[in-house]
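Participant: need the 3D shape of this:
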Amino acid sequence: PTPGSPNPNPSSTRDGLFCLATINFVALENLRDATSLLTSYSAAVLPLNDAGRLATFAVWLLSIAQRSAAGQMYQWLCSQFTEVARHPDFAPLLTRIGKVYFGIKPPPNMLNMLESMMGGGM
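Facilitator: Numbering: from 1, shown residues only. Presented below is the predicted three-dimensional model:
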């Protein structure tokens, strides 16, 4: 936070960091440590009944990543949590997760499309 700005909600910050860490572990294909993180997080936070949307997204993401042929579930999850799926810190990692785990190709990049139409060189 900047001086003079209100302090962020501690549970929101905690959930955001948990979500970011989980997404990174899953993107790196490290489901073991993602599961360990979830176990620790659940023991500390869930008894408080204090998990927010970011934490909920992370829990669902890990559950879906552990299943085979769950591409539609993954796409549904991202459509329900657009604030996560479109966030600049999360979007590239989620694109990688979709590609690696579910064979979901990212939408074409406009610059790449223009380059290919112009012969590949600039």
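Participant: Val84 is in contact with Phe90, isn't it?
Facilitator: Yes - assessed by Cβ atoms under 8 Å, Val84 is found in contact with Phe90 at 5.3 Å. Heads up, the C-betas are built off the backbone N, CA and C, glycines and all.
Participant: now list whatever residues contact both of these two.
Facilitator: Counting by Cβ atoms under 8 Å, 6 or more residues apart in numbering, the common neighbours of Val84 and Phe90 are Cys19.
Participant: touching, Leu62 and Thr22? I think so.
Facilitator: Yes - in this structure, Leu62 is within contact of Thr22 by Cβ under 8 Å, at 6.0 Å.
Participant: looking at those two, which is more packed in?
Facilitator: Thr22 (24 against 18; other Cβ atoms under 10 Å).
Participant: just checking, that one touches Asp33?
Facilitator: No - Thr22 is beyond contact range of Asp33, at 9.5 Å (criterion: Cβ under 8 Å).
Participant: what residues are shared contacts of Leu62 and Thr22?
Facilitator: Listed contacts common to Leu62 and Thr22 are Ala34, Leu38; contacts here mean Cβ under 8 Å, 6+ apart.
Participant: need the contact partners of the helix or strand hosting Lys99.
Facilitator: Using DSSP states H and E, the element containing Lys99 is helix 91-102. Helix 91-102 has contacts (Cβ under 8 Å, 6+ apart) with 23-24, 26-27, 29, 61, 65, 70-71, 74-75, 78, 84-85, 104-106.
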